[in-house]
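Trainee: sequence and computational prediction follow.
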Amino acid sequence: MIGSYLFSGDSLFEDTVGRVVADTPSAEQKVRKRMVGALTSLLALLPGETVLLPGHGQASTVARTKEVNPFLRNGKAS
């Protein structure tokens, strides 16, 4: 994070989260849940106007991302 810009790389996008790789589907689900939990906690600390700059795709804001991202909507890890 620099100023009011969050550079999320490939971990967080406006409408999804990054891909996770694990040895088994159940392990992958656990890793994704931990990642989504960490992202949810981080976004809860940031002002809504913070600009999200992902590694790919369009820029967004924290508020917009929390509104449209199905993994983060309403602070629920999906």
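Mentor: Arrived safely.
Trainee: neighbours around the nearest residue to Ser11 once chain neighbours are set aside, how many?
Mentor: Closest residue to Ser11 apart from its sequence neighbours, by C-beta to C-beta, 6 or more residues apart in numbering: Gly18 at 4.4 Å. Backbone N, C-alpha and C define where each C-beta goes, glycine included. Gly18 has 16 neighbours, counted by other C-beta atoms under 10 Å.
Trainee: what does Tyr5 give?
Mentor: Tyr5 sits with 12 neighbouring residues when counted by other C-beta under 10 Å.
Trainee: just confirm it contacts Thr50, I think it does.
Mentor: Yes: counting by C-beta atoms under 8 Å, Thr50 is a contact partner of Tyr5 at 7.3 Å.
Trainee: just the helices in this protein please.
Mentor: Along the chain, counting by DSSP state H, helices occupy 25-45, 62-68.
Trainee: run through the bridge partners of the residue nearest the centre of the chain.
Mentor: Geometric centre of the chain, nearest residue: Leu12, 3.6 Å, by C-alpha atoms, centre = their mean. Counting by DSSP bridges, Leu12 is bridged to Val17.
Trainee: quick one, grab the pLDDT at Ser78.
Mentor: Note on Ser78: pLDDT of 45.
Trainee: now stretch 34-43: mean pLDDT?
Mentor: The model assigns stretch 34-43 a mean pLDDT of 96.
Trainee: and that stretch, which residues are buried?
Mentor: Buried residues in stretch 34-43, counting neighbours by 16 or more other C-beta atoms under 10 Å, are found at 35-36, 39-40, 43.
Trainee: so where's this structure shaky on pLDDT?
Mentor: Regions of the chain meeting the criterion pLDDT under 70 cover residues 74-78.
Trainee: how many residues are close by Gly48?
Mentor: Neighbours of Gly48 (other C-beta under 10 Å): 12.
Trainee: relative to Glu49, how far out is the closest residue to it other than its chain neighbours?
Mentor: Once flanking residues are discounted, Gly48 sits nearest to Ala63: 3.1 Å by C-beta to C-beta, 6+ apart. Ala63 sits 7 Å away from Glu49, going by C-beta to C-beta, to the nearest Å.
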